[in-house]
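> below are the sequence and a predicted model; questions follow.
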Amino acid sequence: MFDTIKSRGLVLLGCGKMGSAMLEGWLKQGLPAASVWVKDPFPSDWLKAQGVHLNEALPESPALVLVAVKPQMMEEALPVLKTYGNGDTIFLSVAAGTTIAHYENVLGAQTPVIRSIPNTPAAIGRGITGLIGNSHIDEAGLQLAENLLSAIGQTVRLDNEGQMDAVTAMSGSGPAYVFHLIEAMAAAGEAQGLSPELSMALAKATVGGAGQLAEDSAETPTQLRINVTSPNGTTQAALEVLMDDTRGFPVLMRDAVDAATKRSKELGA
Ligand SMILES: NC(=O)C1=CN([C@@H]2O[C@H](COP(=O)(O)OP(=O)(O)OC[C@H]3O[C@@H](n4cnc5c(N)ncnc54)[C@H](O)[C@@H]3O)[C@@H](O)[C@H]2O)C=CC1
Ligand SMILES: O=C(O)[C@@H]1CCC=N1
């Protein structure tokens, strides 16, 4: 799967939480550390222990550059790789907000660019990445990126770049919403008198198990919810709160995803 990468190399510009989650997935899938060059002024101890080329001279013509710096650091970081622009090195961006046009402006208008948004479950091969390429990416380039990304989870091609802000707000940021759900459930259990340890164990296993069931089951999440809900039972009592029209989950989630979508647009402006 990694043949082109092995012969030409892979460069990571920035290797913090997201870059490390992806690199961890690739190394686990058999990508040799010797094929990876990382540029990051503040490498973590984990990164230093991986055996990749760290802040060394970069290869002449890598197959792919993964851009995983914060959008706010882009201006300083990206121009360093300008020599790879307008060539056949593919730039694969995971930065929220940063547009394809921005990469073309900085690196050159002929540069093959793929804009994508992964998420941190990539570290355990359970991520999902939305992606879209510019007009200089051919099918082989898209497939190379998809092959790489499929080592860390599912991939989905978008129809247009305009969808990226909402995708970022859903699957990119979404793991944080689920982690917060776990925190909130655990706190609610404690409020009912359970110990913090028991409450957290119940919350984690419930969210993890329900998520896996929703992905694996032939039934819809709506049907799975109905399956749990006995008439006039405990679940119904809870859902009357959670599904309330004015203060329930749907309105809260819509506002949260709307706020994240707006922020993604601002980052790209
Ligand atoms: N964390 C997440 O769940 C997701 C993050 N992203 C995107 O991934 C990108 C990185 O985010 P995180 O990994 O969370 O941030 P982070 O802060 O953990 O990582 C950024 C890394 O860039 C490095 N860096 C700073 N200046 C640099 C420079 N001039 N050259 C090279 N490296 C430099 C930092 O030392 C750091 O290790 C962002 O653009 C974000 O929008 C996308 C999807 C999900
Ligand atoms: O919070 C952020 O801006 C990044 C993008 C998606 C997840 N983390």
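That came in fine, so what should we check first? Ligands and ions are numbered 1, 2, ... in the order given.

> can you name the residue of the stretch 151-269 of the chain nearest ligand 1?
Minimum separation of the stretch 151-269 of the chain from ligand 1 (Cβ to the nearest ligand atom) falls at G172, amounting to 4.2 Å. Where you see a C-beta, it was placed from the backbone N, CA and C, and this is true even at glycine.

> give me the neighbour count for that residue.
By other Cβ atoms under 10 Å, 25 other residues sit near G172.

> quick check: it touching T120?
No - G172 is not in contact with T120 according to Cβ atoms under 8 Å; the separation is 9.3 Å.

> ligand 1 contacts on the stretch 101-250 of the chain?
117-120, 172 (Cβ under 6 Å from any ligand atom).

> any chance of a markdown table for those, columns secondary structure and pLDDT?
Rendered in a markdown table, the data for those read as follows (DSSP: H, G, I helix; E, B strand; the rest coil; pLDDT from 0 to 100):
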| residue | secondary structure | pLDDT |
| --- | --- | --- |
| I117 | strand | 96 |
| P118 | coil | 95 |
| N119 | coil | 94 |
| T120 | helix | 90 |
| G172 | helix | 96 |
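
> low-confidence ranges, the chain, go.
For the chain, the stretches with pLDDT under 70 are 1.

> which single residue in the stretch 101-250 of the chain comes nearest to ligand 2?
Closest point on the stretch 101-250 of the chain to ligand 2, by Cβ to the nearest ligand atom, is G172, at 3.4 Å.

> same question, the stretch 1-150 of the chain
At 3.6 Å from ligand 2, A96 is the closest residue in the stretch 1-150 of the chain, using Cβ to the nearest ligand atom.

> what residues are up against the nearest residue to that residue once chain neighbours are set aside?
The shortest distance from A96 to any non-neighbouring residue, by Cβ to Cβ, 6 or more residues apart in numbering, is to T168 (5.0 Å). Residues in contact with T168 (Cβ atoms under 8 Å, 6 or more residues apart in numbering) are 96-97, 117, 260-261, 264.

> where does T168 land in three-state SS?
helix (DSSP: H, G, I helix; E, B strand; the rest coil).

> quick revisit: residues near the closest residue to the residue of the stretch 151-269 of the chain closest to ligand 1 other than its chain neighbours, how many?
Nearest residue to G172, sequence neighbours excluded (Cβ to Cβ, 6+ apart): I117, at 4.3 Å. Look at I117: counted by other Cβ under 10 Å, it has 26 neighbours.
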